[in-house]
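Q: Kindly return the folded structure for what I paste below:
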Amino acid sequence: MKILLTNDDGIDAPGLEVLERTVREWGEVVVVAPAEAQSGVGHKLTTDRPIPVERIGAGRYSVQASPADCVRIGLTEIAPDASWVLAGINRGANLGADVYTSGTVAAAREAALLGCRSLAISQYVAKGRPVDWEVTHRRAAPVLRELLAGEPARGEYWNVNLPHPPADGAVDLAFCALDTGPLGVAYRKEEGAFVYEAVYHQRPRQPGRDVDVCLGGRVAVTKLVLEIAGPAVNPPEEGPLP
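A: The predicted structure is shown next:
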């Protein structure tokens, strides 16, 4: 099995390294990720300029563009035979309304549009606590193993959010629906500018849905469905890049 990895935190982000290490034992891994952080860019696509792509190592490509661009280039030019696209592990949750603005989730959505199985995975970060990426690795591995063994229908993809409890240890997994509540938005004015100051951790929760599940200490696994099912990816005539 060939697995294409990307993210929106940039190719040097620790979460991407953890994801690569987690799945490498299950198949061939190809990394096609943004050269720099692209958090919050949503489903931005580049069609009005050339996109520089640099091969920085065996199976590793740095792209001067968005996560969705990385998936398009990855599935059409670099690894058209990939069985899965995995996006993450994002530093910060992508819950509820976040799926519409997240570059991480957009990468998985673009893969689904192109007919490839995909998922996005994110690590919620509780206020005032650092991320222990080794704990993230231990929690992500069994979830990913279970999901990659499945066969989602055309147009379906997964959104996974890992909790951030105060202590290490096993956490439960819950398949749950997307929270449909709006995300709170607030700013303060500061010297002629507006500074975003909404508190993510205090966002409203719909019982049993992904925000409630993840902030309550369980792994939230949500199936997202496209309104349209994308076509299968067509391999390029000249084959993948060397």
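Q: need the strands for the protein, in chain order.
A: Applying DSSP state E to the chain gives strands spanning 2-6, 28-34, 53-57, 60-63, 84-91, 117-123, 156-162, 173-175, 187-190, 193-196, 219-225.
Q: Which positions in the first one come out as buried?
A: Okay, so that is strand 2-6. By 16 or more other CB atoms under 10 Å, the buried positions in strand 2-6 come out as 3-6. Yep, even glycine has a C-beta here, placed from its N, CA and C like the rest.
Q: Skipping adjacent residues, who's closest to Pro163 in space?
A: Closest residue in space to Pro163, ignoring its immediate chain neighbours: Gly217 at 4.8 Å, by CB to CB, 6 or more residues apart in numbering.
Q: before we move on, back to that, now render the buried residues of strand 2-6 as CSV, adding distance to Ala149 and pLDDT.
A: Shown next, in CSV, are the buried residues of strand 2-6 (distance: CB to CB, whole Å; pLDDT from 0 to 100):
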residue, distance to Ala149, pLDDT
Ile3, 13, 97
Leu4, 18, 98
Leu5, 18, 98
Thr6, 21, 98
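Q: where does this structure have low pLDDT?
A: For the chain, the stretches with pLDDT under 70 are 229-242.
Q: What's the biggest helix in it, counting residues?
A: helix 133-148 (DSSP state H).
Q: Other residues contacting it?
A: Contact with helix 133-148 is made by 1, 3, 14-15, 17-19, 21-23, 26, 84, 86, 89, 119, 121, 123, 158, 160, 162, 168, 171, 173, 219, 221, as judged by CB atoms under 8 Å, 6 or more residues apart in numbering.
Q: follow-up on the earlier one: could you export the buried residues of strand 2-6 as JSON lines, including distance to Arg109?
A: Output for the buried residues of strand 2-6, formatted as JSON lines (distance: CB to CB, whole Å):
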{"residue": "Ile3", "distance to Arg109": "17"}
{"residue": "Leu4", "distance to Arg109": "14"}
{"residue": "Leu5", "distance to Arg109": "16"}
{"residue": "Thr6", "distance to Arg109": "12"}
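Q: on that earlier part again, restricted to buried residues, select the contacts of helix 133-148 in ChimeraX.
A: Selecting only the buried entries of the contacts of helix 133-148 in ChimeraX, with 16+ other CB under 10 Å as the criterion:
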select :3,15,17,18,19,22,23,84,86,89,119,121,123,158,160,162,171,173,219,221
